[in-house]
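[1] sequence and predicted structure are below.
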Amino acid sequence: QVRLVESGGGLVQAGGSLRLSCQVSESGFSINAMGWYRQAPGKQRELVARINSGSSTNYADSVKGRFTISRDNTKNTGYLQMNSLKPEDTGVYYCNADLSRGSTWLYRNWGQGTQVTVSS
């Protein structure tokens, strides 16, 4: 079964940076559209950033200018670069992606989540 494996979360002070990665567990699959979501304690999961198959990106207003979403299909990996982190960025971050390999498409696959904690 193809999975998305996230990494890169951790504890960081406000103003710091982290880079999250989302790697496809099987080689040969390309990441097409991809989104990063986060869920803070007691809150609903929200979309933070998204990239479509044509590489157009959009961001939640709260992270514009601080976060950058990207992907590298030579490494079967998507990324979320997070700079100038704030305590309100704390939460579990999930990637969600549409994958393809040849004529095979797998839609809306979720990663297991990675915890990001920003201390003040």
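    Right, received. Where do you want to start?

[2] which residues touch the residue minimising distance to the centre of the chain?
    With distances taken as C-alpha atoms, centre = their mean, the residue of the chain nearest its centroid is residue 36 (3.5 Å). The contact partners of residue 36, by C-beta atoms under 8 Å, 6 or more residues apart in numbering, come to 20, 22, 47-50, 67, 69, 78, 80, 93-96. Where C-beta positions appear, they are placed from N, C-alpha and C, glycine not excepted.

[3] apply 6 Å and report the result again.
    Residues in contact with residue 36 (C-beta atoms under 6 Å, 6 or more residues apart in numbering) are 48-49, 80, 95.

[4] next one: residue 33
    Contacts of residue 33 (C-beta under 6 Å, 6+ apart): 52-53, 98.

[5] let's see 8 Å
    Residues counted as contacts of residue 33 (C-beta under 8 Å, 6+ apart) are 50-53, 97-98.

[6] same question for residue 88.
    40, 62, 118.

[7] could you find the closest non-adjacent residue to the first one?
    It refers to residue 40. If the residues on either side of it in the chain are set aside, residue 40 comes closest to residue 91, at 4.0 Å by C-beta to C-beta, 6 or more residues apart in numbering.

[8] wait, a strand at residue 64?
    No. Counting by DSSP: H, G, I helix; E, B strand; the rest coil, one finds residue 64 to be coil, located in no strand.

[9] how many residues are close by it?
    Look at residue 64: counted by other C-beta atoms under 10 Å, it has 10 neighbours.

[10] quick check: it vs residue 11, distance?
    24 Å (C-beta to C-beta, to the nearest Å).

[11] that'll do, ta.
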